[in-house]
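Participant: Quick one, fold the following:
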Amino acid sequence: MGFAGNYLSRYAVKLPEIEFIPGVNPGQIVVIPAFDEPELIRTLNALLACKPAKKHTEIITVINYPENVPEDIKSSGRFLYDQVLAFARENNSPSVSFLPVFLPDMPEKQAGVGLARKTGMDLAVSHFEITGKPEGIIVSFDADSVCDENYLVTIEDHFNSHPESPGASIYYEHPVSGTDFPPKVYSFVEKYELHLRYYVQAQRYAGFPMAFHTVGSAFAVRAGAYCKQGGMNKRKAGEDFYFLEKIFRMGNFTEINTTRVIPSSRPSSRVPFGTGAAVKKFLSNADKNQLTTYDPKAFRDIKKLLDAVPELFIKNTDAIPGVIHNLPDPVSQFLQQHNFPMLLEEMKHHASNESNFLKRFYQWFTGFRMMRFLNDNHPVPYAKIPVEKAAAELLIMLDKKTSPARSTGDLLKKYRALDRGKAS
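Facilitator: As a prediction, this is how the structure comes out:
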């Protein structure tokens, strides 16, 4: 049995009956879920236009739809599958191959992007199992995204340069101008991307070690790590966040900031949240053009907790209540509500040193728990504020000498530079 035998037999979905292409030995496999995606061929052409990686790249497109959708969507799905088949026959080469997968009439209870992405990723694992490559790279992409020409080779080079990394997030930029959508859409997407970047940078300011972007179209993971963490889930939304949370906890997670994924700025009802859903919600409430986000003060208070974590390890049991009591009230109350003092004792009991203790602490205080704290404490005692105000305040908290940003676009430019590790 190879590295993935146990995973494939116990945790994988039932894989479509598609044979591995003889003679193909991919170094990376790109997985694209596609439901009712009229621009899919544009996405495939963007990947085709990329500079080839040194090892073969396979691109799996999972064309899917639920069992209860109207007949016209089913017809368009079948037509799209035929289109991708024809595209594959015309463009498959020694450097890249396109493999369409047809997943029609998915059960309503499970149908969604999570199941489609999992199917493609599980199929990728099965192909790496055949070639004996636990280090093989599974790349998550979306059917409405395009990318820079160095996308494939940059991902390959990054993982070659970081052999200990189980996965990586990939830099992305939404289009914030153009003619495909009304100006108000681009204006909102500019704010929304600023919110996403503000949130990650605010977590980093607080000292949270797993502060990374969790965008479904912009991450990659090694096949072995994918199997160890139980694979992708079947969630109808947020599948990327919950999956990457598990990969983060493995340690050595990295970022790829020298290429770019370009997700669409379109409105969408395919999933209940994310960029497309946020744009659609905005358009239905066009008079409310302000986007709010978490108060920077909340991250300032979380920082006080995370700064105190090493102290929690060395303090005697009778001193712990005092440490917790001295934290900001929202943080102290949150810890008490979640029975943290008892959990802390258990963490300390099973940790022989500070490094093990920190690992156990962050297995509890995950990105999900961070978000739980923020949601539980907004609007009281904190209050959500316009994203531009929050982003400007955080810049000052990060660097008191920073010059003020006067527009959403200017702020986004600064945050994009922060995410790429460049001076703004």
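
Participant: Just want the phi and psi numbers for Pro209.
Facilitator: The phi and psi values for Pro209, taken as degrees, to the nearest 10, are phi -80, psi -10.

Participant: and Ala143, that's in a helix?
Facilitator: No - Ala143 is assigned coil when assessed by DSSP: H, G, I helix; E, B strand; the rest coil, not a helix.

Participant: Count the residues that sit near it.
Facilitator: Ala143: 26 surrounding residues under other C-beta atoms under 10 Å. Every C-beta, even on glycine, is put in place using the N, C-alpha and C of the backbone.

Participant: thinking it is in contact with Ile60, fair?
Facilitator: No - judged on C-beta atoms under 8 Å, Ala143 makes no contact with Ile60 at a distance of 11.8 Å.

Participant: which residues are common contacts for the two?
Facilitator: Taking C-beta atoms under 8 Å, 6 or more residues apart in numbering as the criterion, Ala143 and Ile60 both touch Ile32.

Participant: How is the residue lying closest to Leu412 once chain neighbours are set aside assigned, secondary-structure-wise?
Facilitator: Using C-beta to C-beta, 6 or more residues apart in numbering and skipping residues adjacent in sequence, the residue nearest Leu412 is Leu194, 4.8 Å away. At Leu194, secondary structure determined by three-state DSSP is helix.

Participant: quick one: contacts for Tyr172?
Facilitator: Shown in contact with Tyr172 (C-beta under 8 Å, 6+ apart): His213, Val215, Ser217, Ala218, Arg260, Val261, Ile262, Pro263.

Participant: Include pLDDT when you put those residues into a markdown table, please.
Facilitator: Formatted as a markdown table, the contacts of Tyr172 follow (pLDDT from 0 to 100):
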| residue | pLDDT |
| --- | --- |
| His213 | 97 |
| Val215 | 94 |
| Ser217 | 95 |
| Ala218 | 97 |
| Arg260 | 98 |
| Val261 | 98 |
| Ile262 | 97 |
| Pro263 | 94 |
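
Participant: farthest-separated two in these?
Facilitator: His213 and Ile262 (14.3 Å; C-beta to C-beta).

Participant: How many residues are close by Lys359?
Facilitator: Number of residues near Lys359 (other C-beta under 10 Å) recorded here: 15.

Participant: Roughly how far does it sit from Arg249?
Facilitator: Separation of Lys359 from Arg249 (C-beta to C-beta, to the nearest Å): 8 Å.

Participant: Now do the same contact list for Leu343.
Facilitator: Taking C-beta under 8 Å, 6+ apart, we find Leu343 in contact with Trp364.

Participant: ok, and it, which helix or strand is that part of?
Facilitator: Using DSSP states H and E, Leu343 maps to helix 340-349.

Participant: right, and the helix or strand after that helix?
Facilitator: helix 354-364.

Participant: what mean pLDDT would you report for the helix or strand that that following helix is followed by?
Facilitator: Counting by DSSP H and E, the element after helix 354-364 in chain order, helix or strand, is helix 367-376. Helix 367-376 shows a mean pLDDT of 96 in the predicted model.

Participant: can you give me the angle the helix holding Leu343 makes with helix 354-364?
Facilitator: Here helix 340-349 points in a direction 140 degrees away from that of helix 354-364 (axes from the mean of the first three to the mean of the last three C-alpha atoms, to 10 degrees).

Participant: Could you give me the buried positions within helix 340-349?
Facilitator: Within helix 340-349, the residues scored as buried using 16 or more other C-beta atoms under 10 Å are Phe340, Leu344, Met347, Lys348.

Participant: now, among the contacts of Tyr172, which is nearest to Ile324?
Facilitator: Nearest to Ile324 among the contacts of Tyr172, counting by C-beta to C-beta, is His213 at 31.1 Å.

Participant: rewinding a little: closest to Glu173 out of the buried residues of helix 340-349?
Facilitator: Phe340 (38.6 Å).

Participant: Next one: the closest one from Ala211, what distance?
Facilitator: Taking C-beta to C-beta, one finds Phe340 at 21 Å from Ala211.

Participant: swap in Phe181?
Facilitator: Phe181 is 30 Å from Ala211, where distance means C-beta to C-beta.
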